[in-house]
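Visitor: Okay, sequence plus prediction incoming.
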Amino acid sequence: MSSQLLTGIGSLVTNDPAHGGPLGELRDAALVIEGGKIAWVGSRRAAPAADASTDCGDRAVIPGFVDSHSHLVFAGDRAEEFAARMSGTPYSAGGIRTTVAATRAAADEQLTANVARLVAEMRRQGTTTVEIKSGYGLTVGDEARSLAIASGFTDETTYLGAHVVAPEFADDPAGYVDLVTGPMLTAAAKHAKWVDVFVERGAFDADQARTILRAGQAAGLSARVHANQLGEGPGVQVACEVGAAAADHCTYLTDADVDALASAGVVAGLLPAIEFSTRSPYPDARRLLDAGVTIALATDCNPGSGYSSSMPFCIALAVREMHMTPAEALWSATAGGATALRRPDIGRLTIGARADLAVLDAPSYLHLAYRPGVPLVTRTFVAGREG
């Protein structure tokens, strides 16, 4: 088993509290990769010998980004909808049905190629783990094939048959819930790790959400929830009741919602590229952090409400618009995302963790927010392999 030494690291973010500070940052550092995992971390001067060595030239090295919320299995785009929003049309969930029609009409090869394109785009920007949802099929066959395609790119696949009520069931939402918790779940579960539901006006109410999530859990899936995006509502409370790993969006929260997230240990997934693209208010990250809530930052990359695959962009938005510090934003985009996926093996550069990392063409992680829009990631490693 060969080993690789990365040395000459000007700033190494480990997310290991043993090294002090919020990020466990080490200066003039090095690390050793062996068997796809981190085998050693420390000062460059104390680095052990390895089979191969690379000098990072005093660049910063960070854990690979963990994007814990995305919708990559789709066809078509909704650029005209975006243009309408920029002209003053308010965002609503109704545009999802446009993508549903395009996705149903697309061949497997077309959908697979689109996912591959977006995952490669993410990888170039330092994302090493991505969660991918279904939700643009809304039939038994289309949801199953969406998840089968997604599973070719990630282990973090989410069954979102409960994205909106399928158009065929517009007059029978109860019948659609029966489908989502019955034949559709049976077909989808073998390709999924998670079950999700969009709890919102125009989508699913609290009782429907509980039914769907508990059915998914009974089938062996873990829960996550789209919650409180368009207004105050029951989504966060449902997520806490069922023991979900994360409640995502969290744009409109009551004090009781914040307390529930903190008490239940449910991660608040914040998706600032959505607020950017919909001209909606940004979530109050400072309020959540001050209450002790764990935050994950994710892109929510999708063709409608926010078509960005860039975690660095989300970090810059979180710092500028949600009043997070650069350190808090980076932690939330790495270790926070890993927590939202219940993955202790990623999102950090500690001994035994998977060797997922990004090398920045910058001396410090601060440049991710300091130089927004600049492609700073020069190299990305997944399980120790560059690519």
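Guide: Okay, I see it. Numbers count the residues shown, from 1 in each chain.
Visitor: Helix, strand or coil: sort out the residue lying closest to residue 279 once chain neighbours are set aside for me.
Guide: The shortest distance from residue 279 to any residue other than its chain neighbours is 6.5 Å, reached at residue 85 (C-beta to C-beta, 6 or more residues apart in numbering). The C-beta positions use only the backbone N, C-alpha and C, and glycine is treated the same way. Taking DSSP: H, G, I helix; E, B strand; the rest coil as the rule, one finds residue 85 in the helix state.
Visitor: So residue 85 is in contact with residue 278, correct?
Guide: Yes - with contact taken as C-beta atoms under 8 Å, residue 85 and residue 278 are classed as touching, separated by 6.2 Å.
Visitor: Contacts only, for the residue nearest to residue 279.
Guide: When the contact criterion is C-beta atoms under 8 Å, 6 or more residues apart in numbering, the partners of residue 85 are 91, 277, 278, 279.
Visitor: mind putting these in JSON lines, pLDDT included?
Guide: Shown next, in JSON lines, are the contacts of residue 85 (pLDDT from 0 to 100):
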{"residue": "91", "pLDDT": "71"}
{"residue": "277", "pLDDT": "95"}
{"residue": "278", "pLDDT": "93"}
{"residue": "279", "pLDDT": "93"}
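Visitor: List just the nearest of the residues you listed to residue 386.
Guide: Each of the contacts of residue 85 was checked against residue 386 using C-beta to C-beta; the closest is residue 277, at 31.6 Å.
Visitor: didn't that closest one look like it was pressed against residue 303?
Guide: No - taking C-beta under 8 Å as the definition, residue 277 is not a contact partner of residue 303, at 10.8 Å.
Visitor: quick one: which of those two has more around it?
Guide: Neighbours were counted for residue 277 and for residue 303 using other C-beta atoms under 10 Å; residue 303 has more, 24 against 20.
Visitor: what about that one, distance to residue 103?
Guide: Between residue 303 and residue 103 the computed distance is 9 Å (C-beta to C-beta, to the nearest Å).
Visitor: list the residues that contact both of these two?
Guide: 74, 76.
Visitor: does residue 268 sit in a helix or strand, and which one?
Guide: Per DSSP states H and E, residue 268 falls inside strand 267-270.
Visitor: which helices and strands sit right next to that strand?
Guide: Using 3 or more C-beta pairs under 8 Å, 6 or more residues apart in numbering; DSSP states H and E as the contact criterion, the secondary-structure elements in contact with strand 267-270 are strand 246-249, helix 285-290, strand 295-297, helix 335-340.
Visitor: Could you dump these into a markdown table with mean pLDDT and mean neighbour count added?
Guide: A markdown table is the format used below for the helices and strands packed on strand 267-270 (pLDDT from 0 to 100; neighbours: other C-beta atoms under 10 Å):
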| stretch | mean pLDDT | mean neighbour count |
| --- | --- | --- |
| strand 246-249 | 98 | 30 |
| helix 285-290 | 98 | 17 |
| strand 295-297 | 98 | 29 |
| helix 335-340 | 98 | 27 |
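Visitor: Please tabulate those in a markdown table, including the columns distance to residue 234.
Guide: Conversion of these to a markdown table gives the following (distance: least, C-beta to C-beta, whole Å):
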| stretch | distance to residue 234 |
| --- | --- |
| strand 246-249 | 11 |
| helix 285-290 | 18 |
| strand 295-297 | 21 |
| helix 335-340 | 20 |
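Visitor: From the contacts of residue 85, which land in helices?
Guide: Secondary structure of the contacts of residue 85 is defined by DSSP state H; positions in helices are 277, 278.
Visitor: Can you pull out the low-pLDDT segments for this structure?
Guide: When residues are selected by pLDDT under 70, those of the chain lie in 92-94.
Visitor: center of it - which residue?
Guide: When the chain is reduced to its mean C-alpha position, the closest residue under C-alpha atoms, centre = their mean turns out to be residue 68, at 2.0 Å.
Visitor: For residue 134, see how far away that residue is.
Guide: Going from residue 68 to residue 134 by C-beta to C-beta gives 16 Å.
Visitor: Repeat that for residue 261.
Guide: Spatial separation of residue 261 from residue 134 under the definition C-beta to C-beta is 25 Å.
Visitor: Can you show me the helices along the stretch 251-387 of the chain?
Guide: Secondary structure of the stretch 251-387 of the chain (DSSP state H, counting those that start in this stretch): helices at 255-264, 272-278, 285-290, 311-321, 326-333, 335-340, 367-370.
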